[in-house]
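In: got a predicted structure plus its sequence, pasted below:
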Amino acid sequence: MSLTRYALRTAGFGALYLLATAAGLATASTGAGVRVVWPAAVAGALWLVAQGRYGRRNLDVIALSVLAVLAPGHGGGLLNDFVQAVPQVVPALVFAWLFDRWLPGYWLGHGDRFRRHGPALGRLAGAAGVAAGAGAVLYKVVDTGLGFGEAGYVLVRDFSAVVLAVLIARGVRRAWGRRRGDEGRGPGDGPRRPDSRRGGLTVVK
């Protein structure tokens, strides 16, 4: 992938992250500021997962960190903005790192024919759970007034949202793959060659 295309993809994910942040800020919150839904957690995680295969994740982490600092909803000065950005960036990076090692290509449906459904879901839940747990702990550290019940809600909220987003992305990819006739093929398999049939027999060339 060219650097220009990569930069455009990164800009697109950045815009999606800012929109997700704005959408989350528009929802109701608890007294400690915990939002009912927080789409930015999903946007950040999928950003790093989707861009990881291009070998420039360090640049995406930097871009995500800058946007997390500059995103609205912090207040309290620049130092506070940096501190508040940590629970946004670290869980996304943890999820992407674990996901790449436990389920490479899973969210796009690559290699499904070599995976068992149950263990794959378990690894997805494990990666999302560790990332959401890290986020909940960091929120609690950053905001000492955050109750344990609210921290637990953050864990469940972000865990559920990330798992659901990955499964939706897989469903869309599988539907698209069925249309193209290459469901379950890996990223290096290339396009499926149509069979040449003559008189009901398959001609092997």
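Out: It's in. Numbering: from 1, shown residues only.
In: so for the helix or strand containing Glu150, what gets flagged as buried?
Out: Under the criterion DSSP states H and E, the helix or strand holding Glu150 is helix 148-180. Residues of helix 148-180 classed as buried by neighbour count (16 or more other C-beta atoms under 10 Å): 150-151, 153-155, 157-159, 161-163, 165-166, 169-170, 173, 177. For glycine as for every other residue, the C-beta is placed from the backbone atoms N, C-alpha and C.
In: quick one: it to chain centroid distance?
Out: Here helix 148-180 shows a centroid-to-chain-centroid distance of 8 Å under the convention C-alpha atoms, centre = their mean, to the nearest Å.
In: quick one: list the elements packing against it.
Out: In terms of contact count using 3 or more C-beta pairs under 8 Å, 6 or more residues apart in numbering; DSSP states H and E, helix 148-180 is assigned the packing partners helix 39-52, helix 117-142.
In: okay, angle between the longest one and helix 148-180 too, please.
Out: Comparing the axes of helix 117-142 and helix 148-180 via axes from the mean of the first three to the mean of the last three C-alpha atoms, to 10 degrees yields an angle of 140 degrees.
In: which strands or helices does helix 117-142 pack on?
Out: Counting contacts by 3+ C-beta pairs under 8 Å, 6+ apart, the secondary-structure elements packed against helix 117-142 are helix 39-52, helix 78-102, helix 148-180.
In: mind redoing it with 7 Å?
Out: If you count contacts as 3 or more C-beta pairs under 7 Å, 6 or more residues apart in numbering; DSSP states H and E, helix 117-142 packs onto helix 78-102, helix 148-180.
In: least reliable of those helices by average pLDDT, please.
Out: Ranked by mean pLDDT, the helices and strands packed on helix 117-142 end with helix 148-180 in last place, scoring a mean of 89.
In: and Ser65, that's in a helix?
Out: Yes. Ser65: assigned to a helix according to DSSP: H, G, I helix; E, B strand; the rest coil.
In: tally of neighbours for it?
Out: With neighbours defined by other C-beta atoms under 10 Å, the count for Ser65 comes to 19.
In: mind listing what it touches?
Out: By C-beta atoms under 7 Å, 6 or more residues apart in numbering, Ser65 lies in contact with 85, 89.
In: want to throw the helices and strands packed on helix 117-142 into a markdown table with distance to Thr27?
Out: Conversion of those to a markdown table gives the following (distance: least, C-beta to C-beta, whole Å):
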| stretch | distance to Thr27 |
| --- | --- |
| helix 78-102 | 16 |
| helix 148-180 | 11 |
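In: cheers, nothing more for now.
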